[in-house]
Structures are given as structure tokens and as C-alpha cells.
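Chemist: everything below, folded, please.
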Amino acid sequence: MNKVLSVLGIIMVAIGTIWSVWSVLVTDIAEIGTAYNEDHKSEAFELQKRQVIKGMLFIVVGSIFQIIGILL
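Modeler: Sure, this is the predicted structure:
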């Protein structure tokens, strides 16, 4: 059971990390610094903020699973 929790924790941390930085990875380089980007910066920030919070939750829960797996 402890190995299952540890592996599940590692997978959740990996998913959370990818989820947190996904919006940065998919940013269109051609849009950076343009007027369109400046006009929609607040909308993009709100979306990125929600994605980062979800990713951080995955990381925290995955870390807790890893700690529980180590202590069992």
C-alpha cells in the first residue's frame, strides 16, 4: 500500500507541475508584446491564475500521498 501511495503521489506531482506551467508552454511567441496581448492581459492572467492554483493543489495532494506512503 505504501508503494502505491508513493507512486500515486509522484504521478500527481508530475501532473500538477505540467498543469501549472502549461499556459506558459502554449503561449504563442508571435503574440507577446503585441497590442492584442496588452489588451487581453487581465483575461489571460485570470485563466493562468486558476490553472496554477489547480496545479498547486495536485502538487500538494501528491506530496501528502508521498509522505503518507513513506510513513506507512
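Chemist: past the helix or strand bottoming out on mean pLDDT in the chain, which element shows up next along the chain?
Modeler: Within the chain, confidence by mean pLDDT, DSSP states H and E is lowest for helix 35-39 among all helices and strands, at a mean of 65. Using DSSP states H and E, the helix or strand that follows helix 35-39 towards the C-terminus is helix 41-71.
Chemist: give me the buried stretch members for that next one, please.
Modeler: Buried residues in helix 41-71, defined by neighbour count with 16 or more other Cβ atoms under 10 Å: Gln48, Gln51, Val52, Gly55, Phe58, Ile59, Gly62, Phe65, Gln66, Gly69. From N, CA and C alone the C-beta is placed, and that goes for glycine too.
Chemist: show me what contacts the second one?
Modeler: For Gln51, the set of contacting residues under the criterion of Cβ atoms under 8 Å, 6 or more residues apart in numbering consists of Trp19, Ser20, Trp22, Ser23.
Chemist: go on, the third one?
Modeler: For Val52, the residues meeting the contact criterion (Cβ under 8 Å, 6+ apart) are Ser20.
Chemist: any buried residues in the host helix or strand of Ile11, and which?
Modeler: Element membership for Ile11 (DSSP H and E) is helix 2-25. For helix 2-25, a neighbour-count test (16+ other Cβ under 10 Å) marks Leu5, Ser6, Leu8, Gly9, Met12, Val13, Gly16, Trp19, Ser20, Ser23 as buried.
Chemist: now what about it, what contacts it?
Modeler: With contacts defined as Cβ under 8 Å, 6+ apart, helix 2-25 is touched by 44, 47-48, 51-52, 54-70, 72.
Chemist: tell me the pLDDT of the spatially most central residue of the chain.
Modeler: Central residue of the chain (Cα atoms, centre = their mean): Ser20, 2.2 Å from the mean position. Ser20 carries a pLDDT value of 86.
Chemist: check Ile53 too.
Modeler: 90.
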